[in-house]
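Student: Here is my input; please provide its structure:
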Amino acid sequence: MNAVTRSGTNDVSGSVYGYGRNASLIGKNKTGDGSKMPSAFHNYQTGFRLGFPIIKNKLFFFT
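Tutor: From the prediction side, this is the model:
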């Protein structure tokens, strides 16, 4: 279960983010042989956040 709470403002606000890693940034794998991850390994995540008021000082929307 995951719960997120935010307080709203009467301003429109947002952000964009990115997170990434590849084989050169992580340690050895856990298979027991102590080898490194293949050089083709990569894991990237991107996203955004947007918030704005629906009813001033009462109701806010976040996505």
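
Student: my guess is Ser24 is in a strand, correct?
Tutor: No. Counting by DSSP: H, G, I helix; E, B strand; the rest coil, one finds Ser24 to be helix, located in no strand.

Student: shaky segments in the chain?
Tutor: Scanning the chain with the threshold set as pLDDT under 70 gives 28-32, 34, 37.

Student: Burial check on Leu25, number of neighbours?
Tutor: 11 (other C-beta atoms under 10 Å). The C-beta positions use only the backbone N, C-alpha and C, and glycine is treated the same way.

Student: same thing with Gly8?
Tutor: 17.

Student: So the closest residue to it other than its chain neighbours, which state does it fall into?
Tutor: Using C-beta to C-beta, 6 or more residues apart in numbering and skipping residues adjacent in sequence, the residue nearest Gly8 is Phe60, 2.8 Å away. Three-state call for Phe60 (three-state DSSP): strand.

Student: which ones are touching Phe60?
Tutor: Phe60 sits next to 6, 8-9, 51-54 when contact means C-beta atoms under 8 Å, 6 or more residues apart in numbering.

Student: Please flag which of those sit within strands.
Tutor: Here DSSP state E is the test, and the contacts of Phe60 give 51-54 as lying in strands.

Student: Can you tell me which of the contacts of Phe60 are buried?
Tutor: 8, 51 (16 or more other C-beta atoms under 10 Å).

Student: In CSV: the contacts of Phe60, plus distance to Tyr19.
Tutor: As requested, those are exported to CSV (distance: C-beta to C-beta, whole Å):
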residue, distance to Tyr19
Arg6, 20
Gly8, 25
Thr9, 26
Gly51, 20
Phe52, 25
Pro53, 29
Ile54, 30
